[in-house]
Every structure is written in structure tokens, then in C-alpha cells.
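1. quick one, structure for this:
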Amino acid sequence: MTHPPTIHQSSPQDPPARLDVEALSPGDVLKLPVFTRQGLMLLASGTLVTETALAALQEIADTDLYLAEDDTPFRTPNAFTTPPPKTARNDWSIAVRVRNVMRLLVQEQGRKPEPKFEFGPLDLDDPMQTLRDRATLLKRADESVHRLERTWAHLPMRISPVVSRPAFTPSRGVHWPAPRHLDTLRANLIAGYRSNFARLAAGLGVSLDALLPLVDTLIDHYERYPDRFAQLLYAPGIDAADLPAHALLTSGASVAIALRLGWSRDDVRLAGIAGLVADAGMVMVPKEIRRSTDPLDALGTCRVDRHPTTTVALLRASDLPPLIALAAYQHHERLDGTGYPRRLSGTEICDLARVVGIADAYVASVSPRPYRTARRPYDAMEEIVLLAAKGVLDRKAVRALMEVTGLFPVGGYVRLSTGEAALVIGVDPERADRPVVRTVDTPEPREIALAGVRFEECFVVSPIDPPLSERRERAA
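-> Purely as a prediction, here's the structure:
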């Protein structure tokens with residue numbers, strides 16, 4: 001039995017090697033992924049080269065294609081010792097040709113190509129010009145990062161609190177919206193952000209003035225209802241692919257964490273804005289990857305790991321403080337060096353990115369994903385606390401998140417020492433293990449602020465799954 005030959009032209013330790021497309025034949029197997037000069041992976045390692053794929057690669061062979069273990073070399077300044085070929089210097093031309101090739105490769109695998117704009121209303125005088133401009137931004141994504149690094153080097157990485165222990169005045173739910181009205185409030189806030197997110201996705205940019213009213217609304221809601229605000233952040237019914245919705249919830253969590261850390265209002269606003277824009281680059285990740293029900297392969301992982309860089313590129317057209325772009329670029333970095341895209345660690349990661357990263361992680365964990373259902377809030381918080389204990393996440397910021405959501409987070413269900421099941425509806429940051437709960441499956445539901453009763457009278461025994469009656473109500 002014969003096996004297709006394996007193509008291997010460089011080792012993982014080598015710089016990216018030019019791919020000799022003429023040396024490929026149908027039936028060959030790629031040992032290393034194929035990248036464009038801009039670090040975009042076209043084919044993953046282990047791919048069987050078909051006649052269609054070979055013809056597609058031949059269409060853009062003159063633009064420079066490379067073999068490399070991953071996209072790390074392409075993010076390094078001066079990675080190439082030779083200038084790009086003349087045929088690769090026309091930004092719009094190469095973008096169109098690569099896009100067409102990617103469409104061929106995607107269709108060959110039975111998948112639909114990504115729509116051009118999909119996240120909100122846009123009134124464009126010239127859609128094709130908008131596409132050309134965005135293609136130019138994205139082609140120069142790494143160049144944007146390298147240029148901004150000179151500016152970032154002079155930015156303050158640490159944010160000092162203006163108060164050591166923020167005051168807490170519980171609202172006790174007075175004037176806090178009922179569940180259906182809360183859903184409406186959340187939907188309205190998300191709807192108010194869609195047009196701005198669509199502008200980001202199209203590479204058109206947004207202004208500080210356009211985002212501040214939304215962020216100030218989130219700040220106002222937390223300051224008025226600090227014990228109930230986490231209800232706004234828990235929305236397990238939201239579509240996993242709804243990037244504007246995820247951005248809004250991440251912004252809300254970032255604002256609340258920053259407030260609990262005692263930051264100034266200006267710094268809290270920065271946290272909110274950074275939360276809104278941090279994942280804008282995910283629009284360039286094909287929908288079939290974002291909606292994948294299976295673990296991502298090397299190609300999918302590369303696309304996802306590139307989104308902080310594409311976010312920075314998309315933000316180039318925006319009138320935002322440079323610290324916002326830095327936080328967006330770093331918010332997936334982790335203190336122990338296990339994050340991406342640069343595997344930074346410790347003090348290399350700015351405080352704003354640490355806060356947004358934790359907010360993003362919590363919101364993602366309690367939201368449904370194509371490959372899993374929404375996690376129980378307690379399980380999400382437990383994982384984040386463990387990561388902080390291991391030195392992966394910032395401990396102070398995680399503590400602030402716990403003060404916002406509770407140790408038994410808002411939105412989850414618990415078993416009380418009385419034997420009753422209860423829904424967590426509020427929190428006391430001074431007593432994170434003593435939430436405000438509402439009993440369920442009882443003739444007359446009771447609201448209990450556990451911090452206000454003696455421990456021996458009532459306490460949380462454990463988190464539980466939603467009772468059957470509650471699951472039916474949610475489904476309805």
C-alpha cells in the first residue's frame with residue numbers, strides 16, 4: 001500500500017521558508033501549515049493537497065507563500081530579509097486574490113464563505129471602497145502593532161486606586177427591573193452598540209464620544225444597584241456568535257471590576273471602552289470556526305489567536321486612547337506566560353488588559369458555546385479563582401469580580417441549609433459567601449439577604465443545577 005508523500009521544507013526552529021508551489025502535486029501531504037506573508041494560515045499541517053487546492057495556491061504563488069510551524073515568525077519585526085515581490089505590493093489586489101483563494105478552499109470543504117458585514121446596520125456610500133480600506137488595514141495588522149509598540153512603551157502599565165475600599169450601599173432591589181424588563185434593558189443596550197460594532201468590523205472606526213454614553217450607563221447602573229448589577233451580566237440565552245452582545249456584557253463586567261478596585265472614573269471608563277472593543281477582531285474569524293462544535297484544529301486556532309492583532313488593525317481608524325488598543329491586544333495574555341498572542345507574563349501585561357481579560361473569561365464561561373452549554377456561574381467562578389491561585393490571573397481583579405458576582409454568583413442556584421432551593425439574585429461584596437437569594441419551588445417564594453441573618457439560621461450548602469420547574473420556565 002502506497003502513502004502520499006509528505007512535504008517538509010523547514011523545521012519548527014527555522015524562520016518561515018518560501019513554499020515552492022511548483023514542487024507540489026495532488027496527493028502530497030503538508031507537514032507544516034501554509035501561510036501568506038501576512039501570517040494568515042491558508043492550509044493546516046496534515047492537509048492532503050487536492051487538485052482544487054493546488055490550483056488555488058498557484059493563483060497566488062507570486063505573492064509569497066510560506067511554511068512555518070505557527071504564525072509567531074510573522075509577528076516579528078523584520079522577519080523577512082527580502083522585500084515582498086512587486087506583485088504582492090498592491091494591498092487591494094492581494095486581498096482580493098487571497099480572499100478568492102480562501103473562498104475556494106472553504107467551499108471545497110463544504111462550508112459557506114463568510115458574509116462581508118453582518119453585525120449591525122451600516123450606511124455605506126461605497127461598500128467596495130470600505131472593503132478595500134479594511135483589506136489595507138488588515139494586511140498591515142502586524143505593522144500596526146509594531147508601530148504602536150513604540151507608543152505603548154511609554155504608557156503607564158499600572159493603574160492606582162483612588163480609594164482603598166469602595167463604599168457599598170445595597171439597593172435591596174428597589175427600582176431594579178423585573179426579569180422581563182431586565183431582558184429588555186439588556187437587549188436595548190446591546191442594540192445601542194450594534195451600529196458602532198458594525199463600524200469597527202468594517203474598519204471604519206468609532207469615536208470616544210460615541211462609546212462613552214453607553215459606558216456611562218453601565219457605570220450608573222452599577223453605582224445605583226451594586227448588589228443586583230450582576231444580573232445584567234448573566235444572559236445564558238444569548239447567541240454565542242453574537243459578538244456585539246458579548247462585547248456589551250464584557251464591558252459591563254469590566255466596569256464593575258474596575259469600580260470595585262477603586263479606580264478613578266476616567267480609568268473605569270477606559271475599562272468599559274476596552275471591554276466593548278477588545279474582541280472586535282473576532283469578526284475576521286470565519287463563522288464556521290466561531291460556531292464549531294468540535295475542538296479547533298491548527299487552522300482554527302491560528303485564526304482565533306490572530307484576533308487581538310486584527311483588533312488593533314481595526315482600531316487604527318478609531319479616535320480612542322492608545323491604552324485601549326494595548327488592552328485589546330493583551331487581554332488574552334496570562335500572568336504565567338500561557339496566553340496569546342505574545343505569551344507575555346507578569347508586569348509585561350497592563351492592568352487594563354488584566355481586568356478586561358478576566359471580565360471576558362467570566363462572560364464567555366457563563367454563556368453558551370456551540371461545543372458546550374452555558375456553565376453554571378459557580379463553576380465558572382471556581383475555575384477563575386483557581387486560575388488566580390495558580391498565578392494565571394490577577395488575584396486582586398479576580399477578588400473584585402467575586403465582589404461583583406458573589407462566590408455563589410448571581411444567576412446560579414443553591415441549596416440552603418433549610419433544605420430549600422434558591423436562585424441567587426444579589427450579592428454583598430463584604431460577604432461574598434452570603435448572597436441575596438429567592439427561594440424557588442415553594443408556595444410563597446421568599447427573598448433572603450443571607451448577610452443579614454445569623455449563619456446558623458440559614459446558609460448556602462452547595463450550588464445546584466436549576467430545578468426542573470425553573471428550567472421549564474426558562475425554556476418557555
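
2. what's stretch 234-246 in contact with?
-> By Cβ atoms under 8 Å, 6 or more residues apart in numbering, the surrounding residues in contact with stretch 234-246 are 119-120, 183, 186, 190, 193-194, 197, 249, 279-280, 282-283, 287, 290-291, 363-364, 366-370, 374, 377, 409-411, 474. Placement of C-beta: from N, CA and C, glycine included.

3. nearest spatial neighbour of residue 360, chain-adjacent residues omitted?
-> Here the nearest residue to residue 360 in space, its sequence neighbours aside, is residue 250; by Cβ to Cβ, 6 or more residues apart in numbering that works out to 4.9 Å.

4. so for the helix or strand harbouring that neighbour, mean pLDDT?
-> When elements are assigned from DSSP states H and E, residue 250 belongs to helix 243-260. Along helix 243-260, the predicted local confidence has a mean pLDDT of 96.

5. so after that helix, what's the next helix or strand?
-> Counting by DSSP H and E, what follows helix 243-260 is helix 265-277.

6. buried set for that next one?
-> By neighbour count, with 16 or more other Cβ atoms under 10 Å as the criterion, the buried positions of helix 265-277 are 267, 268, 269, 270, 271, 272, 273, 274, 275, 276, 277.

7. can you lay out the residues you listed as TSV showing pLDDT and distance to residue 167?
-> Formatted as TSV, those follow (pLDDT from 0 to 100; distance: Cβ to Cβ, whole Å):
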residue	pLDDT	distance to residue 167
267	97	17
268	98	15
269	98	19
270	98	22
271	98	19
272	98	20
273	98	24
274	98	25
275	98	23
276	97	26
277	97	30
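
8. which one of the residues you listed is nearest to residue 451?
-> Distances from the buried residues of helix 265-277 to residue 451 were compared by Cβ to Cβ; the smallest belongs to residue 268, at 25.2 Å.

9. list the residues that contact that closest one.
-> Contacts were defined as Cβ under 8 Å, 6+ apart; by that measure residue 268 touches 219, 255, 258, 259.

10. can you pull the pLDDT of residue 412?
-> Looking at residue 412, its pLDDT stands at 94.

11. phi first, then psi, for the closest residue to it other than its chain neighbours.
-> Across the structure, with Cβ to Cβ, 6+ apart as the measure, the residue nearest residue 412 apart from its sequence neighbours is residue 377 (3.9 Å). Its backbone dihedrals place residue 377 at phi -50, psi -40, with angles given as degrees, to the nearest 10.

12. quick check: residue 30 touching residue 43?
-> Yes. With contact defined as Cβ atoms under 8 Å, residue 30 reaches residue 43; the gap is 5.9 Å.

13. find residues that contact each of those two.
-> Taking Cβ under 8 Å, 6+ apart as the criterion, residue 30 and residue 43 both touch residue 49.

14. pop out the phi and psi values for the closest residue to residue 199 other than its chain neighbours.
-> Nearest-residue entry for residue 199: residue 206, 5.4 Å, with adjacent residues in sequence omitted and distances by Cβ to Cβ, 6+ apart. Dihedral angles of residue 206 (phi, psi; degrees, to the nearest 10) stand at phi -140, psi 160.

15. distance of residue 54 from residue 192?
-> Per Cβ to Cβ, to the nearest Å, residue 54 is found 48 Å from residue 192.

16. for the residue lying closest to residue 446 once chain neighbours are set aside, list the residues it contacts.
-> Nearest-residue entry for residue 446: residue 439, 4.8 Å, with adjacent residues in sequence omitted and distances by Cβ to Cβ, 6+ apart. Residues near residue 439 by Cβ under 8 Å, 6+ apart: 416, 420, 421, 422, 445, 446, 448.

17. same thing with residue 326?
-> When the contact criterion is Cβ under 8 Å, 6+ apart, the partners of residue 326 are 148, 152, 155, 350, 352, 353.

18. give me the neighbour count for the second one.
-> Using other Cβ atoms under 10 Å, residue 152 has 17 other residues around it.

19. now the residue nearest to residue 412: how far from residue 53?
-> Between residue 377 and residue 53 the distance is 45 Å, computed by Cβ to Cβ.

20. now the closest residue to residue 157 other than its chain neighbours: how far from residue 449?
-> On the basis of Cβ to Cβ, 6+ apart, the spatially nearest residue to residue 157 that is not a chain neighbour turns out to be residue 350, at 4.5 Å. For residue 350, the distance to residue 449 equals 37 Å [Cβ to Cβ].

21. repeat that for residue 272.
-> 28 Å.

22. just give me the neighbour total for the residue nearest to residue 360.
-> Around residue 250 sit 28 other residues, with neighbours defined as other Cβ under 10 Å.

23. now do the contacts for it.
-> With contacts taken as Cβ under 8 Å, 6+ apart, residue 250 has the following neighbours: 275, 276, 278, 279, 356, 359, 360, 363.

24. the residue nearest to residue 412 - how many residues pack around it?
-> For residue 377, the number of neighbouring residues by other Cβ under 10 Å comes to 25.

25. mind checking pLDDT for the spatially most central residue of the chain?
-> Most central in the chain under Cα atoms, centre = their mean is residue 279, positioned 4.4 Å from the mean C-alpha point. According to the model's per-residue confidence, residue 279 sits at a pLDDT of 94.

26. same deal with residue 117?
-> Confidence score, pLDDT, at residue 117: 47.

27. ok, residue 434 next?
-> Per-residue confidence (pLDDT) for residue 434: 95.

28. what's the answer for the one 10 residues further on, then?
-> Confidence at residue 444, expressed as pLDDT, is 89.

29. secondary structure element for it?
-> Assigned by DSSP H and E, residue 444 belongs to no helix or strand.

30. and it, how far is that from residue 417?
-> The spacing between residue 444 and residue 417, counted by Cβ to Cβ, is 19 Å.

31. of those two, which one has the most company?
-> For the pair residue 444 and residue 417, the greater number of neighbours falls to residue 417 (13 against 5), based on other Cβ under 10 Å.

32. got the contact list for the more buried one?
-> Shown in contact with residue 417 (Cβ under 8 Å, 6+ apart): 458, 459, 460, 461.

33. now the residues you listed: which count as buried?
-> Members of the contacts of residue 417 that pass the buried threshold by neighbour count (16+ other Cβ under 10 Å) are listed as 458, 460.
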